[in-house]
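1. What shape does this take:
(4 chains)
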Amino acid sequence: MLLRHTPKEVAERSGVTINPAKTCQPVGAMYAALGVHGCLPHSHGSQGCCSYHRSALTRHYKEPIMAGTSSFTEGSCVFGGQANLMQAISNMFTIYDPDLIAVHTTCLSETIGDDIPQVIKKAHDDKKIPEGKKVIYCNTPSYVGSHVTGFSNMVAGIVKGLVEKTGEPKDQVNIIPGWVEPSDMRELKGIAKEMGVKTVLFPDTSDVVDTPQTGKFSMYPDGGTTQEELATAGDSIKTLALGAWASEDGAKQLDIKCKVPFETLDLPIGISATDRFIEALAGAAKVDVPESFVADRGRLVDVIGDMTQYLHGKKVAIFGDPDQLIPMVEFMLDMDMIPTHVISGTPGKKFTAKILELCAEKAPDVNVKNGAQADLFLLHQWIKNEPVDLLIGNTYGKYIARDEDIPFVRMGFPILDRVGHSYFPTVGYKGGIRIVEKFLSAIMDRQDRDSTDIKMELVM
Amino acid sequence: MLLRHTPKEVAERSGVTINPAKTCQPVGAMYAALGVHGCLPHSHGSQGCCSYHRSALTRHYKEPIMAGTSSFTEGSCVFGGQANLMQAISNMFTIYDPDLIAVHTTCLSETIGDDIPQVIKKAHDDKKIPEGKKVIYCNTPSYVGSHVTGFSNMVAGIVKGLVEKTGEPKDQVNIIPGWVEPSDMRELKGIAKEMGVKTVLFPDTSDVVDTPQTGKFSMYPDGGTTQEELATAGDSIKTLALGAWASEDGAKQLDIKCKVPFETLDLPIGISATDRFIEALAGAAKVDVPESFVADRGRLVDVIGDMTQYLHGKKVAIFGDPDQLIPMVEFMLDMDMIPTHVISGTPGKKFTAKILELCAEKAPDVNVKNGAQADLFLLHQWIKNEPVDLLIGNTYGKYIARDEDIPFVRMGFPILDRVGHSYFPTVGYKGGIRIVEKFLSAIMDRQDRDSTDIKMELVM
Amino acid sequence: MSEKINLPDPEKIKEEILAKYPPKVARKRAKSMVVVDKNLDQEVQSNVRTIPGIITQRGCCYAGCKGVVLGPTRDIVNLVHGPIGCSFYAWLTRRNQTDPDENGEGGENYIPYCFSTDMQDDNIVFGGEKKLKQAIQEVYDIFKPKAIGVFSTCPVGLIGDDVHAASREMKEKFGDCNVFGFSCEGYKGVSQSAGHHIANNQLFRHVIGNDDTKPEGEYNVNLLGEYNIGGDAFEIDRIFKLCGINIISTMSGNSSMTGFERAHTADLNLIMCHRSINYVAEMMETKYGIPWFKVNFIGAEATAKSMRKIGQYFGDEALIAKIEEVIAAEMPSIEALAAAAKKKTDGKLAMMFVGGSRAHHYQELFSELGMTTVSAGYEFAHRDDYEGRKVLPTIKVDADSRNIESLTIEKDAELYNPRKNEVELEDLEKNGLEFSEYKGMKSDMADQSLIVDDISHWEADKLIEFYKPDIFCAGIKEKYVVQKMGIPLKQLHSYDYGGPYAGFEGAKNFYTDIERMLDTSIWKKIKAPWLDKAQADECICAEYVA
Amino acid sequence: MSEKINLPDPEKIKEEILAKYPPKVARKRAKSMVVVDKNLDQEVQSNVRTIPGIITQRGCCYAGCKGVVLGPTRDIVNLVHGPIGCSFYAWLTRRNQTDPDENGEGGENYIPYCFSTDMQDDNIVFGGEKKLKQAIQEVYDIFKPKAIGVFSTCPVGLIGDDVHAASREMKEKFGDCNVFGFSCEGYKGVSQSAGHHIANNQLFRHVIGNDDTKPEGEYNVNLLGEYNIGGDAFEIDRIFKLCGINIISTMSGNSSMTGFERAHTADLNLIMCHRSINYVAEMMETKYGIPWFKVNFIGAEATAKSMRKIGQYFGDEALIAKIEEVIAAEMPSIEALAAAAKKKTDGKLAMMFVGGSRAHHYQELFSELGMTTVSAGYEFAHRDDYEGRKVLPTIKVDADSRNIESLTIEKDAELYNPRKNEVELEDLEKNGLEFSEYKGMKSDMADQSLIVDDISHWEADKLIEFYKPDIFCAGIKEKYVVQKMGIPLKQLHSYDYGGPYAGFEGAKNFYTDIERMLDTSIWKKIKAPWLDKAQADECICAEYVA
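-> Here you go, the predicted structure:
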């Protein structure tokens, strides 16, 4: 057993978190910043934060993840981090020549109380920021929220720092995709294009963290939302914020700053959530939904209908981030699967209420918890008390899946031991087929494995 | 053990084929015919043939597969099948109103010696064929070649029956995709579109055997190459025949009939074969290859480079059809995998020579056989004598994989126990990433399974 | 139960359907579509040629012989003489489960294998007997099986290969291997049915009676026409064992040649699938004096009834008591499950078009779920399967049937031994045990329900649009056609890879599966929300416009 | 071996690199980039602050303390006091393998777990000690571990939580659980190195010496600075067992608190990673009289040499003979494999920038493959790791180092017992056994090779373009950057999830892996064939233009 000390009996905890289902803000801010073209993220704190975040993103994407750090020392703690940040900004522009730098803070600089805008202003006044270059920022105290909060804060930082309003309206829709894979962002752009809707999608990590092997390392890959695009986002018809946790705040800021109305939607994962996204996008842009969407949607419905017997009634434990879990739970219910245990380390009262509401009819006994002590240790204990047929989550779920011998499908962040997530989308109808294929192969591989010779099936 | 009577010792056989790696011609002709819009395939023989072929295609696609049969009786054998075919043609047009009927023969009608063109002519003269409707045909004696041959013959039948030359050249390229999945045909069209090349791709089963669930059954789905398109194929610049076995003959016929020059290429599976296809297509249409192809290609190279340690030196046994096996073997060699056993039931001298040529440098000890007695019984015996790390083939490979405990990746026809093949392409660079993902998850799942607790890896 | 719903009158839709056909076709098909009137003797035209081009469910003679009857037996190598396809398509596709180790580890099992002579053009031109004999020799050398069956495919008959001579020659050569052939060319007869008959004949000729070893059990029976799809025979076997009844052979499910060879030592033949196996039963009665009656293990009530009939036949109080005890133990959980399922299934409509007996048997299970079968039909039945054996004398043998050999059997000089004498039989008959009888499907169908034999694709589509059933039962070729209309289809050949559905456990599995199928959320998600109402209403329909 | 290749003069590229920097940065970095001249004493500036924004490989103090030194020990719960991230990122990411069942089933193993107080903003505002104590209590109640280590992260120091007081309080409360803290806030020092020192101090203060049980073996040693990544310690253990040498504790790989508590009973300390662990060795010598010398098990030759030194130290003929026997048994297969690999590797170039000793140790393995290390450097080393301990007296302690506590140790009244007396030590020294000595990386590097301490991303890219090495060794953050240039990168922290690379088996694994990496076909497929030559030549380069 890998997790040999996990007891079946659940004990109330208020002090210790064991095997977390979240990490801290800055990594989310770093990932979001990579979604702006020519941007070099910067971690204002100790070296370790930057090193850890770069490593985590690198292992998940198997791609270069570049970022700077203020390399705090004991001295910086005493005198504040201004000098370090000033020097870092100047060095990064001199040596690495980014279009812009996106600064996020850490628990250290937040505890010290460094005033980032003031430092940036000083850097500006001291000509540390070359002509036409920019420094944007957000506050990401690690002791608030989770990695998702950090992503959301940097999205807001992008809005505050880069979005403008000329007053001359543009026939385009802003899409904030939330913390999804580059493949998903690529797919969302494809959907909009197929619908004939011009969009500004940000942040956009496609062609940034899924770059080709060309024999050349590009510090600033082709992808990322350009500042030019972002500058026009203030003139858009509307903003679609995908995911209340990762995207809503950015959309709010855009509304406040540029009076662009916004609508918050679930991530378009599965049939129902994608339906709502397609209708909202078509509605916002006042276009008809092309026939091709009926076909793509119908293919997803078709494959579920064909294979429903393998999905129906299967009990599932899932952990991850709220914006993913909500549409995933809805999708599973649409497939007559039974969400049994749902865990997210990310806080937010709305979450459990939403899950319970979704499950009320078909899975009233669902266990759900998020925020403090909503961790994999608890999930594992729940599973020991109420076994499941399928476990869904990031790579850390592998240890539970192995100990309890449960089929396991990798979804979420981080995925450290497989590839594919950055190349094949899970959003949209086509993404739904990928999810169904993953579920089915996990479930059917298990049937093949556990079947006796006598009961072995050729046709399934 | 499922295959408990398979001995390790290989004995020469010339009489019996055991666990074939092929089936007979008509099913291929039926599949090819489905790739013409509004076409109703017809099996000229006993009822069983049609029933078996429809069942096999239905199980592979989990989709309606419609076709008629001449329902031979003992009487038909004595007096010939003309009356049955005449009646069938008349009934099908009356009841099912197809645009055209594609007749293929069987071992029975071939042995009897029915003269199909003569029957069709009579049907025409007797007004059994309504205005503007067509009947095309091909001969598919089950005792010659294999299912691939049948596909090839119907492609030639389509050319003979539907392709015309107006003499006024068209700036377009014909693509004969060979026996691939609808997802592949869709992808090939997408590639050409992205390259800005107008193509006539036939047959085209996309939107025919991967149709959406809309609450309505359409006997003639939206897909399939239209007769209008086919009529212009004689005016195209060139024909690219993908796969010498399934596509070359059709291309030859097109050259003979309309003087459209052709080039035979491997199926664009993997890096090298796709490179050749991309260059050939761009060359034929005299266009430059867009940047996006460099990116797609680079992503495939990138993921292989990132994960090479899990692929390098892995011994593989693969069975299937020549047109797939040749580029698959080349692709595996590009990934430093070791093709160890290669089997195809489809005859054709060129095959073994080609495989040996490809493997000469990196896998000189490869076992390869095709044609008579090149069956799964032999493959299984080879594996018992020289074990492998991975088995690739259709669903029947599952029995060997289970008995020998080998990771198994499903490719080829038929796949009766999983879904996905009809939705996700394996051709082109993106298709290559899917193949790599499938290989890696099979290999890495096995590592996770077989690893001790001590050696269990979080990051891979 | 099925009475409680008033069925719509199908006469109009029948006319509509026929109207589309050319006159001659319409006239012929009309005779195969019968609106049930229980008060009338109605002829259901069946076992006649399928009209070319009509799109039928039917398969061929070979499929019935090799695929259905011989396929499920594990200790015989079934070698198909012909081009590769015929053998390939019959390879593991029928889900006949078998337990080769039931009598100890390491038993023979050739079911996962596919054997073919893979005829090539030169074999067609110059004859294939040489290759056939070579193949038989190789099979013998590699596997040393106790038996090899050789199956003729279409071209074999035409080119004049003599599979029987070849088999005889090799059998003599080997001495320890029973090699015999089947002239089951695909074009024989009008459906799989011809193949069943041919298979019955050869089993009787070459296998049954080869081993006179006395049976060990007290109540010894053969179970005929049970193919152990999804493990049905395992479940029936379980029940028999509980009751202390000994099955000598099952034809053919989880079956072995050893069992067949001793089949004639049983004291009773139980017939499940009347269509495919009644010939053997008839011949065994004539030759050995073993009575047979029809049983049905599809449905909990039917299973109980069938068990009671067996008890009645043997007339042993202990046995009868044991049977009642077993039934009493099984029923409560079944009734509980049925009651639960009914919440979803009661009053729902079913249609079924399949096989030669399943379309009848499964009406039992549906009625246990409170569901009504509004229309049903067989794929390869004869009139007696619809109308009952009483019509046998009146069935005229047409050209297609005439060509199917019918063996003439006589009492066996030594082994003939009537298990019951005239008086006993009469008594039993008086007490309701009907020997050598099958009443047919129609007897169990509601008035105004529609029987359609050898239904065509066109007919099925129109009837679905008419009845809008809640579930449709057929085979793999129909499955996705029907489901595209948003109606779940239950495969009754393969059980959709579920089962068993026979016996008591089987009934429970079926209840659960049907409840699930009628309660599948995805069917409610078919319509894209942005589509207007009009389009939505088109649902449940088939479209033929190219 | 590395002599056989004439290295290009790196002075020009060094200038180029520095030219890009602002003057002050350039001046500072220049001191950390040294072109090796074996005839000179050259100072390699190291263990100094990383320049903000330069993009460094370095991590923090916490990473060195919790991640490196304490992480690999299985029977202690490592509780991180801080926001969630610090604990999350150190969760199973270092591949320290452990065998909890080596002394029987069911041993303790908390390594797969991640423990954190997950500090929230109110803990920052009002202090986190209360939550910390609650967490310790919960850990104790659920797991009953024999020890709990508490690790301070950045904010803890600033808000003034006293982890030591809290630990002391809980330790006293429990009685049977050794709770102790680490002030290893991330900002301490200039790299992981500070954390190593802090970890050494606390192990020495709270653990080592807690259990005086006499060792069972004849030749008892501690292995210091070996972390069992990829199973290295398992392999070393295998070799020691073969020779009959008993390892009391390994700090820290496949390690247990039980071992640490008895470490002071060993007669010799063997140092693998000089940087991370020399403090403990020094302190143990002073307090207990246990001598230490440097060993290296990376490389077959190095392994043999290190084993011989141990033999020499104990001076027992039987032991020495046994060691020679083991070496003799292992070498042939290794040499065969090396010879085979060399076909692909001989004369190839390597660069390595990693750790505090690996960048030195692995030069051994590469030279066994006939490869030359053209440039190397450490991530968190001190000058002595480059120049040798002889420079220790001359290293001036700067502000950052001054803040890292340095324990003053005295002879232990009872337990001090010099394992060798002055004379013995001198004899051994005369015979080439160098105690308390490490010569540093430079001593093993070729003239004109380039040493770079704390290399920046910019420097690495330019040096790759300059040297076009065949393989580059570093960590995960560099891996895909370098591979994008078409150059394989070998991770020397995680071994790319391979290994072991230590000892004899490890050498073989390394040969095979490097041979594979230098013979990977995909690198030859990088260029799309339709791209013109010009574009192709751009390969192996980095681009900064956004």
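
2. drop to CA atoms for contacts and neighbour counts, all remaining ones
-> OK.

3. For residue 43, give me its contacts.
-> In the absence of a named chain, chain A is used. Neighbour list for A:Ser43: A:26, A:30, A:49-50, A:67-70, A:103-106 [criterion: C-alpha atoms under 8 Å, 6 or more residues apart in numbering or on different chains].

4. You answered for a different chain; I wanted chain C.
-> So C:Glu43 contacts C:31, C:34, C:383, C:387 (C-alpha under 8 Å, 6+ apart).

5. neighbour-wise, which of these leads?
-> Counting neighbours by other C-alpha atoms under 10 Å in any protein chain shown, C:Val34 leads the contacts of C:Glu43 with 24 neighbours.

6. Give me the nearest residue to it, chain neighbours excluded.
-> Distances taken as C-alpha to C-alpha, 6 or more residues apart in numbering or on different chains place C:Ile451 nearest to C:Val34, at 5.0 Å, with adjacent residues excluded.

7. For the stretch 301-450 of chain C, just list every one of the helices.
-> With helices called from DSSP state H, counting those that start in this stretch, the stretch 301-450 of chain C shows them at C:317-345, C:358-368, C:383-387, C:399-402, C:422-430.

8. now these as TSV including distance to D:Lys484 and mean pLDDT?
-> TSV is the format used below for the helices of the stretch 301-450 of chain C (distance: least, C-alpha to C-alpha, whole Å; pLDDT from 0 to 100):
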stretch	distance to D:Lys484	mean pLDDT
helix C:317-345	59	98
helix C:358-368	64	97
helix C:383-387	73	98
helix C:399-402	73	90
helix C:422-430	88	96
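
9. Select, out of those helices, the one closest to chain B.
-> helix C:399-402 (7.1 Å; C-alpha to the nearest C-alpha).

10. Would you mind listing the buried residues in that closest one?
-> By 16 or more other C-alpha atoms under 10 Å in any protein chain shown, the buried positions in helix C:399-402 come out as C:400-401.

11. Could you do stretch C:114-126 as well?
-> Neighbour-count burial for stretch C:114-126 flags C:114-121, C:123-124 (criterion: 16+ other C-alpha under 10 Å).

12. Endpoints of it, how far apart?
-> Terminal residues of stretch C:114-126 are spaced 25 Å apart (C-alpha to C-alpha, to the nearest Å).

13. wait, does that stretch make contact with chain A?
-> No - Stretch C:114-126 stays clear of chain A (C-alpha under 8 Å from any C-alpha of the partner chain), getting no nearer than 13.4 Å.

14. Now that stretch: average pLDDT?
-> Average pLDDT, stretch C:114-126: 98.

15. ok, residues contacting it?
-> Stretch C:114-126 has contacts (C-alpha under 8 Å, 6+ apart) with B:15-20, B:111, B:143-144, C:77-84, C:87-88, C:91, C:128, C:131-132, C:135, C:155, C:159.

16. swap in stretch A:49-63?
-> A:26-27, A:30-31, A:42-43, A:64-69, A:106, A:209-211, A:413-416, A:419, A:422, B:306, B:459, D:57-60, D:86, D:89, D:476-477, D:480-481.

17. So what's the gap between that stretch and the chain middle?
-> Put simply, stretch A:49-63 sits 15 Å off its chain's centre (C-alpha atoms, centre = their mean, to the nearest Å).

18. Could I get the buried residue list for it?
-> Across stretch A:49-63, burial judged by 16+ other C-alpha under 10 Å covers A:49-63.

19. what does the stretch 201-350 of chain A put close to chain C?
-> Within the stretch 201-350 of chain A, the residues that sit near chain C (C-alpha under 8 Å from any C-alpha) are A:275, A:279, A:289, A:294, A:297-298, A:301-302, A:304-306, A:308, A:312, A:334-336.

20. quick one, strands of the stretch 151-300 of chain A?
-> For the stretch 151-300 of chain A, applying DSSP state E, counting those that start in this stretch gives strands covering A:173-176, A:199-201, A:216-218, A:238-242, A:262-265.

21. Check the offset of the longest one from the chain's centre.
-> Using C-alpha atoms, centre = their mean, the distance from the centre of strand A:238-242 to the centre of the chain it belongs to is 16 Å.

22. Now that strand: average pLDDT?
-> On average, strand A:238-242 scores 98.

23. thinking again about what came up before, just send the strands of the stretch 151-300 of chain A back as TSV, with distance to chain D and mean neighbour count too.
-> Shown next, in TSV, are the strands of the stretch 151-300 of chain A (distance: least, C-alpha to the nearest C-alpha, whole Å; neighbours: other C-alpha atoms under 10 Å in any protein chain shown):
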stretch	distance to chain D	mean neighbour count
strand A:173-176	23	26
strand A:199-201	19	23
strand A:216-218	4	22
strand A:238-242	25	26
strand A:262-265	27	20
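
24. Nearest to chain B, out of the ones you listed?
-> Per C-alpha to the nearest C-alpha, nearest to chain B of the strands of the stretch 151-300 of chain A: strand A:216-218, 10.7 Å.

25. Name the residues linked to A:Thr105 by a beta bridge.
-> Beta-bridge partners recorded for A:Thr105 (DSSP bridges): A:His44.

26. Tell me how far it lies from chain D.
-> Distance, A:Thr105 to chain D, by C-alpha to the nearest C-alpha, to the nearest Å: 13 Å.

27. what's near enough to touch that residue?
-> Here A:Thr105 is in contact with A:26, A:43-45, A:138-141 (criterion: C-alpha under 8 Å, 6+ apart).

28. which of the residues of the stretch 201-350 of chain A next to chain C are close to chain B?
-> Residues of those in contact with chain B (C-alpha under 8 Å from any C-alpha): A:294, A:297-298, A:301-302, A:306.

29. Out of those, which sit inside helices?
-> A:294, A:297-298, A:301-302, A:306 (DSSP state H).

30. Could you check how many residues crowd around C:Ala328?
-> For C:Ala328, the neighbour count with other C-alpha under 10 Å is 11.
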